[in-house]
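[1] what shape does this take:
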Amino acid sequence: MTLPSRDSEDRDSGPTPRRISISTSRALFVVLIAVTSLVALARFAQSRNGRSLDEQVLNSLNQQSGNGVLLGFANFVNHWSGPILIVWSLGLVVVAVRRPRQRTTALVMVAFAIGGTGASELLKLLVAVGHSRLGESHPASLEHTWPSTHAAAASALAMASIAVSPTPRCAVAAIASAAIISLCLLMTAAHFPSDVLAGWLVAACSVAIASLVLQFMSRPRPMRVEPG
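    Just a heads-up that it's a prediction; the model follows:
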């Protein structure tokens, strides 16, 4: 009876994922840049110039989208973005279950993507950047929408998909999906540009921290020598 070889087990577990190596120093650099950019962006979004620029960009996007098919598609994506993100997360978990070599990466990335979503909600309470809706300038209409939780979740899941995807096509599809969800948030005036940009920065920070955790988990541990 011939035992299955290690090579045959590797073939059964699916295609080999693309290795996206990032050193500890680079991951820490990404975290530093993301946090610094978030602080600067929060201050800019609260300023008069920041609010004016946000509203100008949002007005321009809304005028271009109009009331046609494009706006209808954007409303559809916004309405179903929650279930889409949930299914996306479950898809990465399925990848983790079916491909043992990607299990740890997928689970850690999904966990930190969810953590990044929670961090964006926490930032809304701590930073409390207020914006006025289109056509509403009264202070009572200010809403705390910074950063965008949907943009943070979509971009974090896209980065997680890149980390575990076996082909470049999956990575391109993931980035395109996150970009479409973010653009639809702007086209429907659900969020301002600074909200969406902040969401992507939160996602970059959470994924970089996840990379640090994965590197720590993959470090070789010294073998214990039992005394004779």
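[2] going forward, measure contacts and count neighbours with C-alpha atoms only.
    Will do.
[3] per-residue pLDDT, the residue nearest in space to the middle of the chain?
    Geometric centre of the chain, nearest residue: A156, 1.7 Å, by CA atoms, centre = their mean. Turning to A156, the model gives it a pLDDT of 91.
[4] that one and L71, how far apart?
    25 Å (CA to CA, to the nearest Å).
[5] roughly how far apart are L123 and V202?
    Taking CA to CA, one finds L123 at 10 Å from V202.
[6] who's more crowded, these two?
    Set L123 next to V202 and count neighbours by other CA atoms under 10 Å: V202 wins out with 32 against 19.
[7] distance of V39 from L201?
    11 Å.
[8] again, but for D54
    D54 is 17 Å from L201, by CA to CA.
[9] neighbour count winner among those two?
    Counting neighbours by other CA under 10 Å for D54 and for L201 shows that L201 has the greater number, 28 against 18.
[10] isn't that one up against A34?
    Yes. Using CA atoms under 8 Å, L201 makes contact with A34 at a distance of 5.4 Å.
[11] show me where this protein has strands.
    130-131, 143-144 (DSSP state E).
[12] and those strands, which one's lowest on average pLDDT?
    Minimum mean pLDDT among the strands of the chain: strand 130-131, a mean of 60.
[13] any idea which helix is longest in the chain?
    Longest helix in the chain, counting residues (DSSP state H): helix 69-98.
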